[in-house]
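# Give me the fold of what follows.
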Amino acid sequence: MNWGLPMLKTVTSWLAATTAAFVLIPLMQPVAAQSYVESEEVALIFCSYVRDNHTVRLQRKLRDLRIRLRDVYAHIRCNDATLIQFAVKNNANDIGSFIARSVSADVIEKAGDYRWLREQNLLQTPIGEALAPRFQN
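The predicted structure is shown next:
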């Protein structure tokens, strides 16, 4: 069976397009996540969810944006406070505990959250109690 030159070009074009899609799509996702992090609107939404103690809404928004909290945590500030500090200040214990469990201990340590809770004598709060076991030696 002779497929001919037009069929060979079609198959070659299809293979090239498929290969390009598999290579470029994964490369584009981190760029999209980074642009969401830099968006003041998204940061404002996250801060309002923390202030209002809406854990489910935060989880849904993260899923909709296809980003992980641990990837964006260090870039978001609410009134010059980290999300955990902002949760403590607003008595948003459910979402603060969720964040304390979701973000890596290294990121939390770099942000200074555990040190801040200790200095403010807030380790006995629900958020402090969720965070403390991650920093026990």
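# from here on, contacts and neighbour counts on C-alpha atoms
Fine.
# mind listing the helices for this structure?
Under the criterion DSSP state H, the chain contains helices at 4-38, 40-51, 55-65, 69-72, 83-89, 93-102, 105-111, 113-119, 126-131.
# average pLDDT across the first one?
Here helix 4-38 scores 49 as its mean pLDDT.
# how far away is the residue lying closest to residue 86 once chain neighbours are set aside from residue 69?
Spatial nearest neighbour of residue 86, chain neighbours left out: residue 78 (6.4 Å); criterion: Cα to Cα, 6 or more residues apart in numbering. Distance of residue 78 to residue 69, computed by Cα to Cα, to the nearest Å: 15 Å.
# Over to residue 92?
The spacing between residue 92 and residue 69, counted by Cα to Cα, is 17 Å.
# neighbour-wise, which of these two wins?
More neighbours surround residue 92 than the other of residue 92 and residue 69, with 22 against 17 (other Cα atoms under 10 Å).
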